[in-house]
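J.: Return a 3D structure for these sequence lines:
(one chain, ligands or ions: 1)
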Amino acid sequence: MRTKIAVANGDGIGPEIMQAVLKVFEANNVPLEYEFVEMGKSYFDAGHSTGMTAKAKETIETLGILFKGPMETPKGKGVKSINVTARKVWNTYANQRDFRTLNGVDTVFSKAGIPINLTIIRENIEDTYGGIEHLLTYDVAVGRRIITRPGSAQVIRYAFEMAKRKGLKKLACGHKANIMKLTDGLFLETFQEIAKEYPEIEASDIIVDDLCMKLVTRPETFEAIVLTNLQGDIVSDLCAGLVGGLGFAPSANIGDNISIFEAVHGTAPDIAGKGIANPTALLLSGISMLRFLGFSKNAADIENALLYTLEQGVHTGDFGNKAIPASNTNAFTDAIIANI
Ligand code: NAD
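T.: Below you'll find the model as predicted:
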């Protein structure tokens with residue numbers, strides 16, 4: 001019995017890396033069936049204000065799982081991010097990003113023998129991402145930051161549950177409650193309240209600037225960190241850098257009814273269409289989607305093949321041993337398939 005999911009190829013390198021990941025899934029006989037949906041920048045340009053057609057929205061809401069490639073958001077006025085809209089429309093309130101050292105992906109820490117394995121849980125809907133901004137005068141722009149107790153509680157509870165499920169010992173709350181006493185203060189207060197329900201997990205809090213410093217000096221001391229939306233966005237890209245870059249950063253947007261799995265990186269317009277993109281982040285996102293759907297054996301088989309391929313030194317141009325020629329997306333994908 002195959003599980004049907006919605007798939008959106010995305011923009012830029014999206015179609016290239018999605019094709020690579022689905023090829024790996026096919027080679028492992030993953031029991032999934034795909035319904036490709038019309039979603040992305042071209043649909044926004046064609047007049048669909050959410051960046052997707054009504055049919056795409058209906059399909060995603062029926063199937064409950066969206067596996068998506070990155071989607072373009074032009075900078076500046078008048079254009080809403082399709083990614084942010086999708087997260088909001090479906091209340092995917094928790095953004096989980098897992099970062100870990102991968103053999104074959106050299107970083108400052110892997111070279112020093114310091115393994116990293118940490119999870120960032122970012123609140124995904126509130127904060128400044130409401131985009132509630134206006135010009136007070138020609139020279140003064142004002143933005144509103146909204147943090148609610150229920151919105152904070154649902155993501156913080158998700159973070160504690162995730163920590164419990166993974167058998168983690170520690171969960172930290174990153175914040176700036178020393179300055180933003182009401183907004184970050186509310187998030188921190190909610191964290192401290194919910195922490196009482198999980199005495200088996202050591203709960204601590206840390207000011208976000210100190211957190212950034214400690215992440216780049218002692219990343220191995222963290223297991224999981226929950227943050228508000230904007231701070232979580234920035235800190236998670238920092239963590240991607242710790243494990244080798246955006247090419248290795250997967251993400252899951254979890255809601256009660258709909259969940260979206262995607263890479264952390266964007267459409268990489270500078271390399272789009274060249275066939276050289278690294279599909280690893282989307283593949284890691286796909287692996288976490290397989291686990292979420294209960295296909296643990298497929299997830300483990302594919303993950304082992306990916307890890308072995310990286311250990312063999314096979315790499316795309318954005319990482320790896322420069323002495324070994326870089327593979328293009330197809331050759332990298334075929335090497336993973338050969339190792340399954
Ligand atoms: P980006 O992540 O697209 O690219 C940053 C750098 O990383 C570029 O040099 C790029 O070539 C490289 N890179 C990213 N992914 C790579 C991969 N898989 N393989 C090899 N190299 C890779 O960030 P950006 O340039 O700031 O954003 C481009 C567009 O993507 C923007 O329109 C932005 O809004 C959008 N975006 C979408 C998402 C999403 O869909 N979730 C996330 C971030 C950015």
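J.: Surely H134 is in contact with V140?
T.: No: if you go by Cβ atoms under 8 Å, H134 and V140 don't touch, sitting 9.6 Å apart. Any C-beta I mention is one placed from the backbone N, CA and C, and that applies to glycine too.
J.: what's the burial count for E202?
T.: E202 is flanked by 14 other residues according to other Cβ atoms under 10 Å.
J.: In this structure, what residue lies closest to the ligand?
T.: Proximity to the ligand, evaluated over the chain using Cβ to the nearest ligand atom, is greatest for G266 at 2.3 Å.
J.: Isn't that residue up against G69?
T.: No: G266 is beyond contact range of G69, at 10.1 Å (criterion: Cβ under 8 Å).
J.: Up against the ligand, what does the stretch 151-300 of the chain have?
T.: Listed as neighbours of the ligand in the stretch 151-300 of the chain under the rule Cβ under 6 Å from any ligand atom: 246-247, 262, 265-271, 277-278, 281.
J.: In helices only, show me these.
T.: Among these, the ones falling in helices (DSSP state H) are A281.
J.: ok, which stretches of the stretch 1-150 of the chain are helices?
T.: Under the criterion DSSP state H, counting those that start in this stretch, the stretch 1-150 of the chain contains helices at 14-27, 41-45, 54-63, 82-89, 108-111, 149-166.
J.: Show me which residues of the fifth one are buried.
T.: Right, the one you point to is helix 108-111. 109-110 (16 or more other Cβ atoms under 10 Å).
J.: Near the closest residue to A141 other than its chain neighbours, how many other residues are there?
T.: Nearest non-adjacent residue to A141, counting by Cβ to Cβ, 6 or more residues apart in numbering: L135, 5.5 Å away. When counting by other Cβ under 10 Å, one arrives at 9 neighbours for L135.
J.: does L135 really touch G143, like I thought?
T.: No: look at L135 against G143 with Cβ under 8 Å: they stay out of range, at 10.6 Å.
J.: Looking at G266 and G69, which one has more neighbours?
T.: Taking other Cβ under 10 Å, G266 and G69 do not tie; G69 has more neighbours (24 against 17).
J.: State the distance from the more buried one to A159.
T.: Note on G69: its distance to A159, by Cβ to Cβ, to the nearest Å, is 27 Å.
J.: Same check on V216?
T.: As judged by Cβ to Cβ, V216 and A159 stand 22 Å apart.
J.: So between those two, which is more surrounded?
T.: Remark: of V216 and A159, A159 carries more neighbours, 30 against 14, as counted by other Cβ under 10 Å.
J.: which residues does that one contact?
T.: Contacts here follow Cβ atoms under 8 Å, 6 or more residues apart in numbering; on that basis A159 touches 94, 121, 171, 224, 226.
J.: Apart from its neighbours in sequence, what residue is nearest I194?
T.: I194 sits nearest to I156 (Cβ to Cβ, 6+ apart), 5.0 Å away.
J.: if I've got this straight, A203 is in a strand?
T.: Yes: under DSSP: H, G, I helix; E, B strand; the rest coil, A203 falls within a strand.
J.: Relative to E126, how far out is the residue nearest to it when sequence neighbours are not counted?
T.: Closest residue to A203 apart from its sequence neighbours, by Cβ to Cβ, 6+ apart: A195 at 3.6 Å. Here A195 is placed at a distance of 20 Å from E126 (Cβ to Cβ).
J.: can you check K297 too?
T.: 37 Å.
J.: Of these two, which one has the most company?
T.: Comparing K297 with E126 by neighbour count (other Cβ under 10 Å), the higher total belongs to E126, at 22 against 10.
J.: show me the contacts for that one.
T.: Here E126 is in contact with 146-148, 151-152, 228-229 (Cβ under 8 Å, 6+ apart).
J.: Just the buried residues of the helix or strand of the chain with the lowest mean pLDDT, please?
T.: Within the chain, no helix or strand scores below helix 82-89, which has a mean of 85 by mean pLDDT, DSSP states H and E. Of all the residues in helix 82-89, those buried under the rule 16+ other Cβ under 10 Å are 82-88.
J.: near the ligand, which of these show up?
T.: Among the buried residues of helix 82-89, the residues within reach of the ligand (Cβ under 6 Å from any ligand atom) are N83.
J.: How about the residues of the stretch 1-150 of the chain by the ligand?
T.: Selection of the stretch 1-150 of the chain residues close to the ligand by Cβ under 6 Å from any ligand atom yields 13, 17, 70-73, 83.
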